[in-house]
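> missing the sequence, but the structure's below:
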C-alpha cells in the first residue's frame, strides 16, 4: 500500500510520553491474511486515509496522541475480532488517551497520563475482562539522546 513499510529516523527523537504504557493481548488472534482480505483493497488500489508524512510531522511537533496513532488495519481487524472494539472502548472510557492496535492485531498498546492506571480495571468495569487476556505494564520506554546509546526511562 505504500504505507508503513518505510522507516525513517526522526530528528529530534520524540519526547517520551508521561504516565503509563500498557500492552494487552486477548487469547484470540487475528489471522493476518484474513485481516488484509477484509481490508478489501484491489491489486494496485491506493489506501485512503491520512498522509503518513503529515502524521509524522504532527507527532514531532505535538507529541504522541490518538490523532497521530493510525493503523489502517484496525477497522478490518475489528471486523475479524469484534472484541477489539469493546477493549478499545473500555480503555477510552477509563481515560486511556492513546490506544493503538499493533499491525493486524490482536495486540493493543494503551497510554494513560496516570501512572497508576491499569487496563485490567477498565476491562473489569466494562464487564469484558477474561483471565486469558494478557496485560503487561506499566512498561518503560526505551529512548536515546543524540549520539548516545539506548536506555530505559
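Noted; the coordinates are in hand. Predicted, not measured: the structure shown is a model, and the values here were computed from it.

> what about the strands in the chain?
For the chain, strands defined by DSSP state E occupy the ranges 20-25, 98-101, 108-112, 134-136, 142-143, 151-152.

> Reformat these into a markdown table and put mean neighbour count next to each item.
Backbone N, C-alpha and C define where each C-beta goes, glycine included. Compiled in a markdown table, the strands of the chain are given as follows (neighbours: other Cβ atoms under 10 Å):
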| stretch | mean neighbour count |
| --- | --- |
| strand 20-25 | 20 |
| strand 98-101 | 21 |
| strand 108-112 | 23 |
| strand 134-136 | 12 |
| strand 142-143 | 12 |
| strand 151-152 | 10 |
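
> May I see those strands arranged in JSON lines, with distance to residue 6 and mean pLDDT as well?
Written out in JSON lines, the entries for those read as follows (distance: least, Cβ to Cβ, whole Å; pLDDT from 0 to 100):
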{"stretch": "strand 20-25", "distance to residue 6": "25", "mean pLDDT": "94"}
{"stretch": "strand 98-101", "distance to residue 6": "19", "mean pLDDT": "95"}
{"stretch": "strand 108-112", "distance to residue 6": "21", "mean pLDDT": "95"}
{"stretch": "strand 134-136", "distance to residue 6": "29", "mean pLDDT": "96"}
{"stretch": "strand 142-143", "distance to residue 6": "22", "mean pLDDT": "67"}
{"stretch": "strand 151-152", "distance to residue 6": "27", "mean pLDDT": "61"}
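
> Save these as a markdown table, and put in distance to residue 55 too.
Shown next, in a markdown table, are the strands of the chain (distance: least, Cβ to Cβ, whole Å):
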| stretch | distance to residue 55 |
| --- | --- |
| strand 20-25 | 19 |
| strand 98-101 | 12 |
| strand 108-112 | 16 |
| strand 134-136 | 26 |
| strand 142-143 | 20 |
| strand 151-152 | 26 |
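
> Mind checking those strands for the one nearest to residue 37?
Of all the strands of the chain, strand 98-101 sits nearest to residue 37, with 16.9 Å by Cβ to Cβ.

> which residues are contacting the closest one?
17, 64-66, 69, 71, 73-74, 77-78, 84, 88, 91-92, 107-111 (Cβ atoms under 8 Å, 6 or more residues apart in numbering).

> Determine how far that strand lies from the middle of the whole chain.
3 Å (Cα atoms, centre = their mean, to the nearest Å).

> Can you tell me the strand partners of that strand and which way each runs?
Pairing partners of strand 98-101, with direction, according to DSSP bridges: strand 108-112 (antiparallel).
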